[in-house]
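K.L.:
no sequence on hand, only this structure:
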């Protein structure tokens, strides 16, 4: 129930790269998160909260609707790329929620030219 750009191979993601070097990756990422529709793919109906946002780090909490489970999602900009971590706080089974969330975010960023 955890996906990351650093970690075990079964849940390892490649680092995300903005469309061009020198672009404001964090601003584009923050705009994408703010546009995230709670309830997409039937997840995160409890919404989300941006806890920390700085020039190189973003921490967001996403909440399930019925049980109020919180998932922690972090992004860090280093060396022109973005490191990602999305993890459920409780349990070992998340029913694909972290993957669905990251798939939506990465698809939006790819539409902006990210790889």
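P.N.:
Arrived safely. It should be emphasised that the depicted structure is a prediction, and the values quoted were computed from it without experimental measurement.
K.L.:
what's near enough to touch the nearest residue to residue 15 once chain neighbours are set aside?
P.N.:
Sequence neighbours aside, residue 81 is the residue nearest to residue 15 in space, at 4.1 Å (criterion: Cβ to Cβ, 6 or more residues apart in numbering). (C-beta placed from N, C-alpha, C; glycine too.) By Cβ atoms under 8 Å, 6 or more residues apart in numbering, the contact list for residue 81 reads 15, 16, 17, 18.
K.L.:
could you give the bridge partners of residue 81?
P.N.:
Judged by DSSP bridges, the bridge partners of residue 81 are residue 78.
K.L.:
distance of it relative to residue 18?
P.N.:
Residue 81 is 8 Å from residue 18, where distance means Cβ to Cβ, to the nearest Å.
K.L.:
run through the chain and note the low-pLDDT ranges.
P.N.:
With pLDDT under 70 as the threshold, the chain has low-confidence stretches at 1, 22, 91-93.
K.L.:
repeat that with 90
P.N.:
The chain contains residues with pLDDT under 90 at 1-14, 19-23, 39-46, 64-69, 79-80, 87-99.
K.L.:
for this structure, what spans make up the strands?
P.N.:
2-4, 48-53, 57-63, 70-78, 81-88 (DSSP state E).
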